[in-house]
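[1] Following is a predicted model, sequence given first.
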Amino acid sequence: MEDKGEDGHTVKYYRLSEIEERNSFKSTWIIINHKVYDVTTFLEEHPGGEEVLREQAGGDATESFEDVGHSSDAREMAANMVIGELHPDDRLKIDKPSMVDKLVDHRFGCSCRHGDVPNVHVGEVTAPSVRHLCKSNVNQFNWLQNDSYRACV
Ligand code: HEM
């Protein structure tokens, strides 16, 4: 699926299931902060070693990437390997419940227009403070809500 990203440029979205298949020497993709990176040809060059990247292959490497405290050079290098983004509908599948809680706490007051736009309830989220995951079928944003507040995701 291709769509307009936040900056108006075309973004290629990948479903989580497609990314998970890219976990071999032939093709290695990882996810960092919802962006998808093709690191296949970088495996042998990675200063931190091939193995750490292979362990994350096909999945979310955000936490490990950030834990290392990569330099700005490393981040620039990574930017050249971006091939697209995780499909918005799959983001909650990899976000940890604690991240969901944080979103709810920090983004309280954002401009989700629950009630103004058609929306469907698409599932329950396991984080204790979150009751519903709603999805707008117009504006392509998701939000989480419980009895007292609501947050864009
Ligand atoms: C596209 C993704 C990545 C790029 C471009 C990248 C690049 C680099 C670079 C340039 C360094 C040298 C140190 C620095 O400049 O910060 C480095 C070190 C390292 N990286 Fe990555 N890295 C990536 C992903 C990852 C991931 C996902 C992990 C963990 C699973 C990881 C673990 C490490 C480790 C352990 C080191 C060694 C740190 C040290 O020796 O102090 N890297 N990486």
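    Yep, it's here. Numbers count the residues shown, from 1 in each chain.

[2] Every contact and neighbour count from this point should use C-alpha atoms.
    Fine.

[3] mind listing what the closest residue to E50 other than its chain neighbours touches?
    Spatial nearest neighbour of E50, chain neighbours left out: L43 (4.9 Å); criterion: CA to CA, 6 or more residues apart in numbering. Counting by CA atoms under 8 Å, 6 or more residues apart in numbering, L43 touches G49, E50, L53, R54.

[4] I'd like the distance from N33 to H46, if you could.
    To H46, N33 is 19 Å away according to CA to CA, to the nearest Å.

[5] Return the distance of D67 relative to the ligand.
    Distance, D67 to the ligand, using CA to the nearest ligand atom, to the nearest Å: 8 Å.

[6] same question, H34
    13 Å.

[7] now that residue, nearest residue through space, not along the chain?
    H34's closest residue in space is L86 (CA to CA, 6+ apart), at 5.3 Å.

[8] Provide a list of residues in contact with that neighbour.
    So L86 contacts Y13, Y14, R15, L16, I31, H34, K35, V36 (CA under 8 Å, 6+ apart).

[9] same thing but at 6 Å, please
    Residues near L86 by CA atoms under 6 Å, 6 or more residues apart in numbering: Y13, Y14, H34, K35.

[10] Just put these in CSV and tack on neighbour count, pLDDT and secondary structure.
    Listed next are these as CSV, based on neighbours: other CA atoms under 10 Å; pLDDT from 0 to 100; DSSP: H, G, I helix; E, B strand; the rest coil:
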residue, neighbour count, pLDDT, secondary structure
Y13, 18, 96, strand
Y14, 19, 97, strand
H34, 19, 94, coil
K35, 19, 97, strand
